[in-house]
Structures are given as C-alpha cells and as structure tokens.
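Student: Provide a 3D model corresponding to the input given below.
(chains A and B)
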Amino acid sequence: DGGITQSPKYLFRKEGQNVTLSCEQNLNHDAMYWYRQDPGQGLRLIYYSQIVNDFQKGDIAEGYSVSREKKESFPLTVTSAQKNPTAFYLCASSVTGQGQSVGTFGSGTRLTVV
Amino acid sequence: AQSVSQHNHHVILSEAASLELGCNYSYGGTVNLFWYVQYPGQHLQLLLKYFSGDPLVKGIKGFEAEFIKSKFSFNLRKPSVQWSDTAEYFCAVRGAGGSYIPTFGRGTSLIVHP
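Tutor: Residues are numbered from 1 along each chain as shown, chains lettered A, B, ... in the order given. Predicted coordinates:
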C-alpha cells in the first residue's frame, strides 16, 4: 500500500544535540511538507519542498533544516538552535499544481528533549 | 495571507448530542476548505473537503460541513455524535488553484461521554 512512513515514532534528545527525523513516501508525490503540532496551536508549517533539490521555509523554519535529494525522502533535522524542540512532528505529501489535490499525512514523530 | 479561526478549543458532549464546530477563514480569493480529524494516537485523516459546487459537503462517518461564502465560514456538523468521535478536529484553508499548502486552525478537542 502507498503511504508515508515517519520514523521513529518516539525520539528523545539531549539538549544541545541535533536530531534527524525521517519521512519517506511511495506515493510518487512531488511535494512534501513538515509541520509541527503543539497543543492548542494546531499545525504550523516548518518547511516544504515542491521538487527535488528545492525547498522553502515555512512559518517557523528557525532552528530546523531539511534536504530533498530524492523524491521519496524529506528528512528534517532539528538543530540545537531550536529553542523549544519538544513537539509532535508531522510529515505530509501531495501532488502539485492545480486541481483537487489533497495531502496525505504520516503518523508523526514525537520528539522530547531531556 | 490566509488565516483560520476555530472558535471552540474544547467541546464536551454526551453521546447522541448534535455537534457543530465553527471555522472562519480570511482569504482574499477563491478557497479550498478542509476538515481533518486526529483520533487519539492516530495520524491526521481527511474528513471532508470543499473545492467547488454544492456548498454542503458530506464526509466520512456522518460528518458534513457547509461553506457559507458571505460569512467566510465552513462549520462542521454531525447530528448525533458517538463516543468514537472523540478526537481533535482541524479546519484548514488554502487558495484555490495553487499548491497544496493549507493553513490550519488551532484545532478543537472533542470529548464525547458515553
């Protein structure tokens, strides 16, 4: 079955360490996205990519970095510069261009800084 | 820039009660509108969407939403809720014809007592 796989499901990190969250899709979608979900704040866009080797900052990109070397993969690195990294991170993908595209979401990674 | 406002942050109902969750958006053009649901421990799922046509949209599990353009609203309704509807509900909006990237509301946490 096609879908989005996020790993790991739970991740613990010590303060000052970088950590990379994995997101892989086999839906042949061109676009991929990273969102951060905090209680009472909904989903906020961190980064998105509409094509391989290109990506744009979202609303809250500071302290995060991404790469898009392959169409299927869009890893997110939470750097030590992110002041409040404990959160639930969601990856999504979609087709691009006009039309009735809707996104598909992964099951998320819960990151806790200890 | 587009924005989404969900008026109810927490809603508690008894089974068989009727549900209406408010969603208002601001955007200066044609929009696509979405409601997503996140059941406890599960990933975000699309409940229903509006792109064009009949402003009364029916989704999965007996949910429906009505797009009222003059009020910039897309309220979610269900005539009779069940305990299994306990979840977090997100309204989202994007400009029609563009890329997928939606703007999400802050979410409404619904608890249904049996």
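Student: so where does A:Leu21 fall, helix or strand?
Tutor: Here A:Leu21 is covered by strand A:19-25, with elements defined by DSSP states H and E.
Student: what residues of that strand count as buried?
Tutor: Residues A:19, A:21, A:23-25 are the ones in strand A:19-25 that count as buried (16 or more other Cβ atoms under 10 Å in any protein chain shown). For the C-beta atoms, the positions are set from N, CA and C on the backbone; glycine is no exception.
Student: swap in stretch B:78-91?
Tutor: Neighbour counts over stretch B:78-91 (16+ other Cβ under 10 Å) mark B:78, B:81, B:85-91 as buried.
Student: contacts for that stretch, please.
Tutor: A:42-43, B:4, B:6, B:13, B:15-19, B:21, B:23, B:25, B:33-40, B:44, B:47, B:61-64, B:74, B:76, B:104-105, B:107-114 (Cβ atoms under 8 Å, 6 or more residues apart in numbering or on different chains).
Student: which of these fall in strands?
Tutor: Among the contacts of stretch B:78-91, the members found in strands (DSSP state E) are A:42-43, B:4, B:13, B:19, B:21, B:25, B:33-38, B:47, B:64, B:74, B:76, B:104, B:108-113.
Student: one step back: out of the contacts of stretch B:78-91, which end up buried?
Tutor: Looks like the contacts of stretch B:78-91 have A:42-43, B:4, B:6, B:13, B:19, B:21, B:23, B:25, B:33-38, B:44, B:47, B:63-64, B:74, B:76, B:104-105, B:107-110, B:112 buried, using 16+ other Cβ under 10 Å.
Student: beta partners for B:Leu48?
Tutor: Note on B:Leu48: beta-bridge partners by DSSP bridges are B:Trp35.
Student: how many neighbours does it have?
Tutor: Neighbour count of B:Leu48, defined by other Cβ atoms under 10 Å in any protein chain shown: 19.
Student: before we move on, what about A:Leu76?
Tutor: With other Cβ under 10 Å as criterion, A:Leu76 counts 23.
Student: wait, what's in contact with the most centrally placed residue in chain A?
Tutor: Centroid-nearest residue in chain A: A:Trp34, 2.7 Å away (criterion: Cα atoms, centre = their mean). If you count contacts by Cβ under 8 Å, 6+ apart, A:Trp34 has them with A:23, A:45-48, A:58, A:64, A:66, A:74, A:76, A:89-92.
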